[in-house]
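S.K.: attaching a predicted model along with its sequence, questions to come.
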Amino acid sequence: MTMRSLIAILFSAILLTVTGCAGLVAPSADPATAEASAQTDRADESAKAGAAREERATEKDVRDFLTSDMVYEALAGELSLQRKQLEVAYSHLYRAAELARDAQAAERAMKVAMMAQDQAAAQAAGELWLEIEPDNLQALQLATVLAMRGDDDARVQDYLAAIIVKGDAEERDGFIDAMSATLQDKDHDKAAQAMGRLAESYPRRAEGPYTLALMASMREDYASAEEQVRRALEIAPGMPRAVGLLARIRIARDDKEGALEILRQGVEDAPEEAMLRASLARILVEEERIEEAYQQYQALVELNPDDHDSRFVLGVLALQLERRDEARQWFEQLYQQGVKRNQAAFYLGWLAEEADEVERAMEWYTRVEQGETHGDARMRAARLIADQDLEAAREILQRLRGGAASRDEELRIIQVEASLLAEHADNDAVYDFYARALETYPGESELLYARAMFAVSVDNIAMLEEDLRRILEQDPDHADALNALGYTLADRTERFDEAYQYIKRAHELNPESPAILDSMGWVLYRLGNLEESLEYLRQAYELSEDAEIASHYGEVLWFSGDKAMAREVWEKAREAEPESDYLRKTLERIDP
């Protein structure tokens, strides 16, 4: 070990029983950018290397260097710290650092003084630390914080300038390091002022206004942020980080179109900048511009063939675009490369199922070994088997149920098994299954609601009413139960006034629900109020072009005299859902 690092070794032996001084200066709790966090992490790593600052030395070197005063001061400082005598501890630790010229001892003294809220002592220890290690980033950052707290603007600027010089020497963004230092002070206005003066000292450096834009974004002062980032782009046109930040600011200001234009131009100017292209692709997905997003993700994979996340997104987007062969290729590539294998296998199983390749689908589903898609894969496999062997399908589900990680997951599996019974067994088997499930989970609303929906599908209105009323006894504001009960009474009985009250309450609870808007329109139609009915149904149809909603909307349009519009609505629904029994029965009844 080196002579001076002996003090560090002495400290570490004592530190096994001392924890009070660790992390005396907490990192800023403010939201920071990824790059600021990354640079701070690297600075922390540099600080942690303090115990290994110098090379080994011979025992003779150590004996020649070590004095009784050094040992005394170090031990006395640590013992005082254990006793929470902070002022005494600081005095001894500072003296040990001074005698040994040891940076770690100076750092420790500085942090003890900060814990004691002794500004002058902390500054003195910080100055000593910087004398010993003038380019230590953590020392410079902590010294900046102390100078800011002491309103010593000149020192603040000196320390920040030193951080910039260090960043330049190490080819890193010193402005981000400087920002991280100023943000450790709770007064973020003061931090912004300090960084503003620093930026003025470097008028030709785009990093200055860029960092000011970051800080303004953190404060949600987007007007100032945009002004600063545009200034950065004037100094360095096309600066990728600044282009990306400007786009984020436009999004924060509710201008996604503006953000898209900025990113499109950025990608055109710098086609190799993956960060800009990825940002553009994500916004395009959010805006449901799937074709354009697909092209951008393809370009990302071309730029970086190891970008497996983009490859996965391409598979999902290809499904949305109904390019199933392309989707299959993307997922097969991922599976073959051993990346995201469970998700890839699930989607490959789904693609095979859609193509009626049952054996192939089963093969892929069984390859989903874990993860979020494991349960879904097993349930889909059970559905495929049920056509040939219902009991085998139920065995799969029961094993899955036995390993369910939560109550919600088990309830979902129960409902899948109930649906298989509804498709492949008689009604009594379904009722018996729900009865046993409700013995396990008495009064469970999800099970009661599911049984009610099965009951109405087989015209058992009494059972539906009983189950939904049980739910409402437990939760009078259960909007789905209110809506289902009201709609069924309006559609299957002549208890229209009672139905209206249930639906009215459901609408008060959830006024934006297309299902509830549809129910309100339908009950008003049954009550003879066509004009008001039409308004609710129009709202429902605008939110969802579901075949049942389209059936109702078309019927009220028809009997309101707008037969051309009714035919248009029905035809569109028939094209979208050609198998809809409800629509078919509506058209047969009206015979347009």
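M.R.: Nice, thanks for sending it over. From a predicted model like this one, the values you see are computed outputs, not experimental measurements.

S.K.: stretch 322-335: which residues count as buried?
M.R.: Buried residues in stretch 322-335, counting neighbours by 16 or more other CB atoms under 10 Å, are found at Arg323, Glu326, Ala327, Arg328, Trp330, Phe331, Glu332, Gln333, Leu334, Tyr335. Quick note: C-beta positions are derived from backbone N, CA and C, even for glycine.

S.K.: can you say which helix or strand has the second one in it?
M.R.: When secondary structure is defined by DSSP states H and E, Glu326 falls within helix 324-336.

S.K.: who does that helix touch, helix- and strand-wise?
M.R.: Helices and strands touching helix 324-336, as assessed by 3 or more CB pairs under 8 Å, 6 or more residues apart in numbering; DSSP states H and E, comprise helix 308-320, helix 341-354.

S.K.: reformat the ones you listed into CSV and put mean neighbour count and mean pLDDT next to each item.
M.R.: What follows is the helices and strands packed on helix 324-336, written out as CSV (neighbours: other CB atoms under 10 Å; pLDDT from 0 to 100):
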stretch, mean neighbour count, mean pLDDT
helix 308-320, 21, 96
helix 341-354, 21, 94
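
S.K.: and of these, who's closest to Ile251?
M.R.: Of all those, helix 308-320 sits nearest to Ile251, with 19.4 Å by CB to CB.

S.K.: against which helices or strands is that closest one packed?
M.R.: With contacts defined as 3+ CB pairs under 8 Å, 6+ apart, the secondary structure elements packing on helix 308-320 are helix 274-286, helix 290-303, helix 324-336, helix 341-354.

S.K.: dump the third one to PDB, restricted to CA.
M.R.: The C-alpha trace of helix 324-336 is given here as PDB (Å, rounded to 0.1, in the frame of the first residue of the first chain):
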ATOM      1  CA  ARG A 324     -48.400 -12.000 -40.600                       C
ATOM      2  CA  ASP A 325     -45.600 -13.400 -42.700                       C
ATOM      3  CA  GLU A 326     -43.300 -10.500 -41.700                       C
ATOM      4  CA  ALA A 327     -44.400 -10.800 -38.100                       C
ATOM      5  CA  ARG A 328     -43.500 -14.500 -38.100                       C
ATOM      6  CA  GLN A 329     -40.100 -13.700 -39.500                       C
ATOM      7  CA  TRP A 330     -39.300 -11.100 -36.800                       C
ATOM      8  CA  PHE A 331     -40.400 -13.400 -34.000                       C
ATOM      9  CA  GLU A 332     -38.600 -16.400 -35.400                       C
ATOM     10  CA  GLN A 333     -35.400 -14.400 -35.600                       C
ATOM     11  CA  LEU A 334     -35.800 -13.500 -31.900                       C
ATOM     12  CA  TYR A 335     -36.500 -17.100 -30.900                       C
ATOM     13  CA  GLN A 336     -33.500 -18.400 -32.900                       C
END
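
S.K.: low-confidence ranges in the protein?
M.R.: Residues of the chain that meet the criterion pLDDT under 70 lie in 1-66, 592.

S.K.: and Ala270, what does it touch?
M.R.: For Ala270, the contact set (CB atoms under 8 Å, 6 or more residues apart in numbering) comprises Gly238, Pro240, Val243, Leu276.

S.K.: quick one: contacts for the residue nearest to the last one when sequence neighbours are not counted?
M.R.: For Leu276, ignoring the flanking residues on the chain, the nearest one in space by CB to CB, 6 or more residues apart in numbering is Gly266 at 4.5 Å. By CB under 8 Å, 6+ apart, the contact list for Gly266 reads Gly238, Pro240, Val243, Gly244, Ala247, Glu273, Leu276, Leu280.

S.K.: wait, which of the residues you listed is closest to Gln193?
M.R.: Once CB to CB is applied, the member of these that ends up nearest Gln193 is Gly244, at 25.8 Å.

S.K.: distance check, that closest one against Trp364.
M.R.: Remark: distance between Gly244 and Trp364 (CB to CB, to the nearest Å) = 38 Å.

S.K.: again with Gln228
M.R.: Look at Gln228 and Trp364: by CB to CB, they are 52 Å apart.

S.K.: between those two, tell me which one has more neighbours.
M.R.: In this view Gln228 and Trp364 are compared by other CB atoms under 10 Å, and Gln228 has more residues nearby, 27 against 24.

S.K.: quick check, the more buried one in contact with Arg219.
M.R.: No. Assessed by CB atoms under 8 Å, Gln228 is found out of contact with Arg219, at 11.8 Å.

S.K.: now the helices for the stretch 451-592 of the chain?
M.R.: If DSSP state H, counting those that start in this stretch is used as the criterion, the helices of the stretch 451-592 of the chain fall at 461-474, 479-492, 496-509, 514-526, 530-543, 547-559, 563-576, 581-590.

S.K.: show me the one of those that comes nearest Lys256.
M.R.: For the helices of the stretch 451-592 of the chain, proximity to Lys256 was assessed by CB to CB; helix 530-543 is nearest, at 21.3 Å.

S.K.: quick check: buried residues in that closest one?
M.R.: Those would be Ser533, Leu534, Tyr536, Leu537, Gln539, Ala540, Tyr541, for helix 530-543 by 16+ other CB under 10 Å.

S.K.: between which two of these is the distance greatest?
M.R.: Based on CB to CB, the longest span within those runs between Ser533 and Tyr541 and measures 12.2 Å.

S.K.: thinking again about what came up before, format the buried residues of stretch 322-335 as JSON lines; extra columns: distance to Ala124.
M.R.: Supplementary listing: these in JSON lines, determined by distance: CB to CB, whole Å:
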{"residue": "Arg323", "distance to Ala124": "69"}
{"residue": "Glu326", "distance to Ala124": "67"}
{"residue": "Ala327", "distance to Ala124": "66"}
{"residue": "Arg328", "distance to Ala124": "69"}
{"residue": "Trp330", "distance to Ala124": "62"}
{"residue": "Phe331", "distance to Ala124": "63"}
{"residue": "Glu332", "distance to Ala124": "66"}
{"residue": "Gln333", "distance to Ala124": "62"}
{"residue": "Leu334", "distance to Ala124": "59"}
{"residue": "Tyr335", "distance to Ala124": "63"}
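
S.K.: the residue nearest to Ala576 when sequence neighbours are not counted: neighbouring residues, count only.
M.R.: Distances taken as CB to CB, 6+ apart place Glu545 nearest to Ala576, at 6.6 Å, with adjacent residues excluded. In terms of burial, Glu545 registers 16 neighbours under the definition other CB under 10 Å.

S.K.: check the gap between the closest residue to Asp185 other than its chain neighbours and Arg197 for me.
M.R.: Nearest residue to Asp185, sequence neighbours excluded (CB to CB, 6+ apart): Met148, at 4.7 Å. Applying CB to CB, the value for Met148 to Arg197 is 12 Å.
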